[in-house]
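Student: structure, please.
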Amino acid sequence: MSIPTTHPFAFDPTCGMTLEELLAVKPPEEPDGFDTFWQERYRKTLTVDPQPALSRSELSHPDWHVFDLVYLSTDAFKIGGWLLLPREGQVRRGLIVGHGYGGRDRPDFDLPVTETALIFPCCRGLSLSAHPPISENPSWHVLHDIDSRDKYIIGGCVEDIWLAVSTLVALYPWLSGHIGYSGISFGGGVGAMAIPYDPRIDCGHLALPSFGHQPLRLKLPSVGSAEGVQEYRAKHRDVLSTLSFYDAATAARRIKVPMLTAVARFDPAVAPPCQFAVANAIPKFNEIFILDAGHFDYPGSAAQEAALRDKIGQLFRVS
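Tutor: Below you'll find the predicted structure:
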């Protein structure tokens, strides 16, 4: 283990916590009506026909057929992304791949999966799904409609993931119940909210998940989207009334499928206790993979990422 000891930040990205302390972090107290809120959103989302449209992409790869994808999400929001199909073998599994708060400009071609159809959606307001006046800057995107529990953009992003699943099922009906989800940072937090309410998802990988333990997220020093929310809260003290319904750790308590959660002991963008709150909350079938650091280059990262990659391949392998 080699947690970084030198860094350019004016705060301690470990939050001064030992591994034992991090593994003891519990989810926050949850608001009344949390399940009803998300169950109703899922029910309404399933009434949307995603109407997927595919076209041959300018991107190419020797292992994958690459298609540009557009599908319809809630609020008639057009979501852009990519569909990858294997050049060899059958399509026997599906995988939705989320992105970080930096968005995505191309699919990942090196995921350790075979015989799998992959969708790489860009959540609303970001990258191929950019939609002014929604800001693509994470510090502003995360504030869009934050004053409304029902309209907050993160809820729409969760619905975008559910409709990515609907898109896969529309294209390949036999994949329902054989679809995984993989997401990092922003995508990890959104995935933690999406997975427990969608029975079509049978396993998931969350890396450096954001949006965990919102009361801590509002307090612990961070850069990026968390800092943006903290600055907003300084002038709007009641913001937790919205954020408590968008807590990835609270949602993770409901996950009942096999999971692999990668969390970091040092992270300037997603405070480690918030990440561990998500991982610790998943009740069973969860393997916690501990990284020395996240959102930061460090010695030994290549070896840790290689070990994690092997576990991702095992989780999403076609049985």
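Student: regarding the closest residue to Val263 other than its chain neighbours, what is its secondary structure?
Tutor: Nearest non-adjacent residue to Val263, counting by CB to CB, 6 or more residues apart in numbering: Gln275, 4.2 Å away. Yep, even glycine has a C-beta here, placed from its N, CA and C like the rest. With DSSP: H, G, I helix; E, B strand; the rest coil as the basis, Gln275 sits in helix.
Student: residues touching Gln275, list them.
Tutor: 208-209, 212, 263-264, 267, 294 (CB atoms under 8 Å, 6 or more residues apart in numbering).
Student: just Val278 next, same as before
Tutor: 188-189, 192, 206, 209, 212-213, 248-249, 252, 261, 263.
Student: now the helices for the stretch 51-200 of the chain?
Tutor: Taking DSSP state H, counting those that start in this stretch as the criterion, the stretch 51-200 of the chain carries its helices at 138-141, 153-171, 186-194.
Student: quick one, which of these is nearest to Cys15?
Tutor: Cys15 lies closest to helix 186-194 among the helices of the stretch 51-200 of the chain, at 17.7 Å (CB to CB).
Student: now that closest one: mean pLDDT?
Tutor: Averaged across helix 186-194, pLDDT comes to 98.
Student: got the angle for the following helix or strand past that helix vs helix 186-194?
Tutor: For helix 186-194, the following helix or strand on the C-terminal side (DSSP states H and E) is strand 201-207. Relative orientation of strand 201-207 and helix 186-194, computed by axes from the mean of the first three to the mean of the last three CA atoms, to 10 degrees: 140 degrees.
Student: what helices or strands is strand 201-207 leaning on?
Tutor: strand 179-184, helix 186-194, strand 259-264, helix 301-315 (3 or more CB pairs under 8 Å, 6 or more residues apart in numbering; DSSP states H and E).
Student: most tightly surrounded among the ones you listed?
Tutor: helix 186-194 (a mean of 30; mean count of other CB atoms under 10 Å).
Student: same for that helix, what does it pack against?
Tutor: helix 153-171, strand 179-184, strand 201-207, helix 248-252, helix 272-281.
Student: ok, 10 Å please
Tutor: helix 34-45, strand 93-97, helix 153-171, strand 179-184, strand 201-207, helix 248-252, strand 259-264, helix 272-281 (3 or more CB pairs under 10 Å, 6 or more residues apart in numbering; DSSP states H and E).
Student: pull the distance from the last one to the chain's centre.
Tutor: This means helix 272-281. 14 Å (CA atoms, centre = their mean, to the nearest Å).
Student: tell me the helix or strand right after that helix.
Tutor: Taking DSSP H and E, what comes next after helix 272-281 is strand 286-291.
Student: what residues of that next one count as buried?
Tutor: 286, 288-291 (16 or more other CB atoms under 10 Å).
Student: again, but for stretch 14-29
Tutor: 14-15, 17, 22, 25, 27-28.
Student: out of those, which are inside helices?
Tutor: Leu22 (DSSP state H).
Student: thank you, goodbye.
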